[in-house]
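Asker: Structure, please.
(one chain, ligands or ions: 3)
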Amino acid sequence: MNPSGTGITITNHILEQQYASAGATGAFTHLLNEIVMAAKIINSETTKAGLVDILGSTGRRNVQGETVKKLDEFAHGLMVDRLYRSGHVAMLASEEDADPIDPPRDTKVGEYIVMFDPLDGSSNIDANVSIGTIFSILKRVSTGPECTMADFLQPGFKQVAAGYVLYGSSTMLVYSTGNGVSGFTLDPSVGEFLLSHPNITVPQRGKIVSANMGYWDYWDDNLKNYLRYLRAKTDTKPVYSLRYIGSMVADIHRTLLYGGIFLYPNDTKDPKKPWGKLRLLYECNPMGYLIEQAGGLADTGKGRVLEVEPTELHQRVPFIAGSREDVEEAIAFISGQRCE
Ligand SMILES: O=P(O)(O)OC[C@H]1O[C@](O)(COP(=O)(O)O)[C@@H](O)[C@@H]1O
Ligand SMILES: [Mg+2]
Ligand SMILES: [Mg+2]
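Answerer: Numbering: from 1, shown residues only. Ligands and ions are numbered 1, 2, ... in the order given. This is a model prediction of the structure:
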């Protein structure tokens, strides 16, 4: 193994993390290994998507009112199956199901709550643009025979781990258990995720802005002032370049590596969704956790994302995340403290 530790398998990396934490039982390692297995299977479908009947829509709509893609459904079913197989899950929740998902009959259950977005970036699937899977892991808090909503509606700082899989030019799994962020690349020749990005640290400041500018007319003036400031040519800062893939996993992955700022702010586009589009429990909390673990910030415009007290399983929040100095600057504009 070379000195940087790259090349270590994700299973061994997880084990080493667990050895370091007192009272580890192996349950967590087992659980994460099932997510790794699900990622490999989803990857094998995405890489041959155009050749098998996995592109296009199921014709159904999910609780978000969005069309469910065949790959959404496939990834959802697979995550549910693999996670409950671990025997360490108390209960699950997914973007694709209105309610928490009961364990199959006669399943050994455990202490972990897992919430996930089985397939992120669904609008990009059929165009072969990078997509992902996002997961958030918490410990159960209820003590009775059945799980309660309190187990799911925990603030993001209570997460014991979070991560995502990026199905892109290469397939990567990036996760954190609270000791920094590590990235693994799937080596298809050996079918193993190997450490390729140890200790990911987001640059203090970047020069990339990522937001769907198509919604400009639905944004408030403070936000527009900030975006005008970023694109203005001045002697004191670079002109920010625009990058927006439209898959949160891919946009956040780039932000973690290159720095800069990703914004999905609140807007007036849809009165039913005044808080933007991204979901708190299985998109913003896990991504906010990773960004913070990498030294960046994740804010709603009114405070730290990870301190939001959840009230609903599929609630949405504005999401502003990335390099520390960029997010601090954005918040100064968005809150009206600065206008130029
Ligand atoms: O098309 P828009 O409004 O910019 O939304 C793009 C956002 O929606 C999402 O696709 C929502 O996630 P899902 O694909 O999991 O529903 C994010 O990945 C992405 O950041
Ligand atoms: Mg998503
Ligand atoms: Mg999704």
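Asker: alpha carbons only for contacts and neighbour counts from here, please
Answerer: Fine.
Asker: how about the helices of the chain, start to end?
Answerer: With DSSP state H as the criterion, the chain has helices at 10-20, 27-46, 70-85, 149-152, 221-231, 248-258, 285-293, 324-334.
Asker: So which of those helices is the most surrounded?
Answerer: Stretch with highest mean neighbour count among those: helix 285-293 (a mean of 27; mean count of other CA atoms under 10 Å).
Asker: In terms of secondary structure, what does that one contact?
Answerer: Counting contacts by 3 or more CA pairs under 8 Å, 6 or more residues apart in numbering; DSSP states H and E, helix 285-293 packs against strand 131-139, strand 161-167, strand 171-176, strand 297-299, strand 319-322.
Asker: Using JSON lines, lay out these together with distance to residue 189 and mean pLDDT.
Answerer: Shown next, in JSON lines, are the helices and strands packed on helix 285-293 (distance: least, CA to CA, whole Å; pLDDT from 0 to 100):
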{"stretch": "strand 131-139", "distance to residue 189": "21", "mean pLDDT": "98"}
{"stretch": "strand 161-167", "distance to residue 189": "16", "mean pLDDT": "98"}
{"stretch": "strand 171-176", "distance to residue 189": "13", "mean pLDDT": "98"}
{"stretch": "strand 297-299", "distance to residue 189": "36", "mean pLDDT": "98"}
{"stretch": "strand 319-322", "distance to residue 189": "34", "mean pLDDT": "98"}
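Asker: re earlier: so for ligand 3, which of the helices of the chain sits nearest?
Answerer: helix 70-85 (6.5 Å; CA to the ion).
Asker: can you tell me if the closest one touches ligand 3.
Answerer: No - on the criterion CA under 5 Å from the ion, helix 70-85 is out of touch with ligand 3, staying 6.5 Å away.
Asker: What of stretch 47-61?
Answerer: No - using CA under 5 Å from the ion, stretch 47-61 stays clear of ligand 3, coming no nearer than 12.2 Å.
Asker: Could you number the chain from 46 rather than 1 from now on?
Answerer: Okay, residue one is now 46; in that scheme the one you just asked about reads as stretch 92-106.
Asker: ok, residues contacting that stretch?
Answerer: 90, 112-116, 118, 170-171 (CA atoms under 8 Å, 6 or more residues apart in numbering).
Asker: Quickly note the distance from the closest residue to residue 56 other than its chain neighbours to residue 91.
Answerer: The shortest distance from residue 56 to any non-neighbouring residue, by CA to CA, 6 or more residues apart in numbering, is to residue 78 (6.7 Å). Separation of residue 78 from residue 91 (CA to CA, to the nearest Å): 20 Å.
Asker: next one: residue 251
Answerer: Using CA to CA, we find residue 251 at a distance of 31 Å from residue 91.
Asker: One more: residue 279?
Answerer: 44 Å.
Asker: Contact partners for the residue in the stretch 246-385 of the chain that ligand 3 sits nearest to?
Answerer: In the stretch 246-385 of the chain, the residue that lies nearest ligand 3 is residue 328 (8.8 Å; CA to the ion). Residue 328 makes contact with 161-162, 179-180 under the criterion CA under 8 Å, 6+ apart.
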